[in-house]
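> Prediction below, plus the sequence it came from.
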Amino acid sequence: MSYDLVIQGRVLTGAGPKESFISIEDGIISKVSRSHPGHDVSVTKHTNGLILPGCIDSHVHFRDPGMTQKEDLTTGSLSAAFGGVTSFMDMPNTRPPTLDLKSFLEKAVIAKEMSYIDHGLFLGITPASDHISVLDRLKEFKSGPFPIGLKVFLGESTGSLVFRPIEGIAKVIEDAIRYHLPLSVHAEDGDLIAQGGMEGKRSHKGSLARHMLSRPADVELSAMNRVLNAAGPNSSAVHFLHISSKEGIERARDSGASVEVTPHHLLLDLKWCEANLELETLAKVNPPIRTTADRAALWDALTSGHVDVIGSDHAPHTLPEKEDGENIPSGMPGTETMFPLLAHEFMERRTDLRLLQKVLCEGPARRFGLEHKGCLLPGYDADLMVIDPKDVRKIRAEDLHSKCGWTAYEGFRAIFPTRVYSRGELLVEDGNICGHSGRSLDLRTRE
């Protein structure tokens, strides 16, 4: 049998790395075998490479439309691809926000034309947008792209779309279940968030501590409790985003809801940022960077199997905005550095990379119903990356591809992929882009 592409290398399987041949036809994996597919077949060999599925970043803010001075769907997806991400899911807090069929379809057109990689789009839910029920709104999507999920913000953040009262979320969850859509929740109780915080303070020194005090762990825990109480037996439809605290991650355990953590909450803490960041505000995010104990609790949950997904929460702002001194926005870039940083961290901690594959590939695919993504098995999309675990280099902002042009991880060690394939097409090779924008598929249509 002839194939479009056959890739040979060590494939990370459930039993560990195995020398294998991945045969690809029409962008789909048709065979994974230990034996050569035939002498008349051309094989692309990755002798020193470890082959993993492409990552699915289920939490990005690519700022398109309306805030494209920070990022757009071309630069955001390109940045993701260089980090081994082959699919992303974009959040609704753009300008205009993605709250109805019209705004959703307009954004879908932009994504189809501009993205380098496959994509899904969230539909935002707010009381202001709920003049018709969520169920009736979803019925309007008769053909074409469909939301990858629903999103609610329970506390103020960039382009805030705050949902109040929190207890009203029960009806949203019921409607989401009918369409088999997870409800992604930014869990910070807006009723409890203290006023002031770091805003209005000219001094950057101590800014992260002030921000953490303005949004303490109680804010996260309260939001989670109120959502779970409202959800009742339907808690399995809830997907908690960027859980950041010891209290939050413990509450998530056995709650029935799925849970996401971010690289920045796993890799950064207040003590480190205060000692090492010249400009602390680069690490201002919502929910805040917290204590060393909180970070340790997240790692414990991750390594014990109580984290379902890692998402980057890539949320860039311009450097002048981060230097402003007043009303500094929350958010930082991270989709390009997510896998490389964590791959190195896992190697340093001697943690099995199969766990990283689970939370960056299999977990997002399972949570968002992507039956054809996240695994290197026959019938799955040929989204994969090749890494050399010994090829460790330091992160430099000038080498990255986000439009914002900066990173809080300057100097961190990372393992970047040497090759990235999207549906069988070579997208990135040795730091160079080989693919093109406008070839992406919507994750809900595959058309």
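Looks like it arrived, so ask away. Numbers count the residues shown, from 1 in each chain.
> Would you map the strands across the stretch 101-250 of the chain?
Along the stretch 101-250 of the chain, counting by DSSP state E, counting those that start in this stretch, strands occupy 118-124, 149-153, 183-186, 238-240.
> Save those as CSV, and put in distance to Val219 too.
Heads up, the C-betas are built off the backbone N, CA and C, glycines and all. Below are the strands of the stretch 101-250 of the chain laid out as CSV (distance: least, C-beta to C-beta, whole Å):
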stretch, distance to Val219
strand 118-124, 21
strand 149-153, 13
strand 183-186, 11
strand 238-240, 13
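> Nearest to Ala382, out of those strands?
Among the strands of the stretch 101-250 of the chain, strand 118-124 comes nearest to Ala382, with 11.8 Å by C-beta to C-beta.
> Wait, Val386 touches Thr418, no?
Yes. In this structure, Val386 is within contact of Thr418 by C-beta atoms under 8 Å, at 5.4 Å.
> on that earlier part again, make TSV out of the strands of the stretch 101-250 of the chain and add mean pLDDT and distance to Ile249.
Shown next, in TSV, are the strands of the stretch 101-250 of the chain (pLDDT from 0 to 100; distance: least, C-beta to C-beta, whole Å):
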stretch	mean pLDDT	distance to Ile249
strand 118-124	97	23
strand 149-153	96	20
strand 183-186	98	15
strand 238-240	98	9
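> I'd like to know which of the ones you listed is closest to Met332.
Among the strands of the stretch 101-250 of the chain, the nearest to Met332 by C-beta to C-beta is strand 183-186 (15.6 Å).
> Just the pLDDT for Asp130.
If you check Asp130, the pLDDT there is 56.
> The strands of the stretch 101-250 of the chain: which one's closest to Ala293?
strand 238-240 (19.7 Å).
> now the strands of the stretch 101-250 of the chain as JSON lines including mean neighbour count and distance to Glu345?
Listed next are the strands of the stretch 101-250 of the chain as JSON lines, based on neighbours: other C-beta atoms under 10 Å; distance: least, C-beta to C-beta, whole Å:
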{"stretch": "strand 118-124", "mean neighbour count": "26", "distance to Glu345": "26"}
{"stretch": "strand 149-153", "mean neighbour count": "26", "distance to Glu345": "28"}
{"stretch": "strand 183-186", "mean neighbour count": "27", "distance to Glu345": "25"}
{"stretch": "strand 238-240", "mean neighbour count": "26", "distance to Glu345": "22"}
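> So which other helices or strands are in contact with the lowest-mean-pLDDT helix or strand in the chain?
Lowest by mean pLDDT, DSSP states H and E among the helices and strands of the chain is helix 134-139, with a mean of 87. Identification of packing neighbours for helix 134-139 by 3 or more C-beta pairs under 8 Å, 6 or more residues apart in numbering; DSSP states H and E yields helix 169-178.
> Name the residues of the helix it packs on that come out as buried.
Buried positions in helix 169-178, judged by neighbour count with 16 or more other C-beta atoms under 10 Å: Ile169, Val172, Ile173, Glu174, Asp175, Ala176.
> Point out where the stretch 251-400 of the chain drops to low pLDDT.
Within the stretch 251-400 of the chain, not a single segment meets pLDDT under 70.
> need the helices for the stretch 201-350 of the chain, in chain order.
207-214, 217-231, 246-252, 263-267, 270-276, 292-303, 319-323, 338-349 (DSSP state H, counting those that start in this stretch).
> quick one on the thing from earlier: what's the closest of the strands of the stretch 101-250 of the chain to Glu247?
Closest approach to Glu247 among those (C-beta to C-beta): strand 238-240, 12.6 Å.
> Check the offset of that closest one from the chain's centre.
14 Å (C-alpha atoms, centre = their mean, to the nearest Å).
> elements contacting that strand?
The contact analysis (3+ C-beta pairs under 8 Å, 6+ apart) places strand 238-240 against strand 183-186, helix 217-231, strand 258-261.
> Adding distance to Pro364, write those out as a markdown table.
Converted to a markdown table, those look like this (distance: least, C-beta to C-beta, whole Å):
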| stretch | distance to Pro364 |
| --- | --- |
| strand 183-186 | 11 |
| helix 217-231 | 20 |
| strand 258-261 | 9 |
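> Tell me who's in contact with His436.
Taking C-beta atoms under 8 Å, 6 or more residues apart in numbering, we find His436 in contact with Tyr116.
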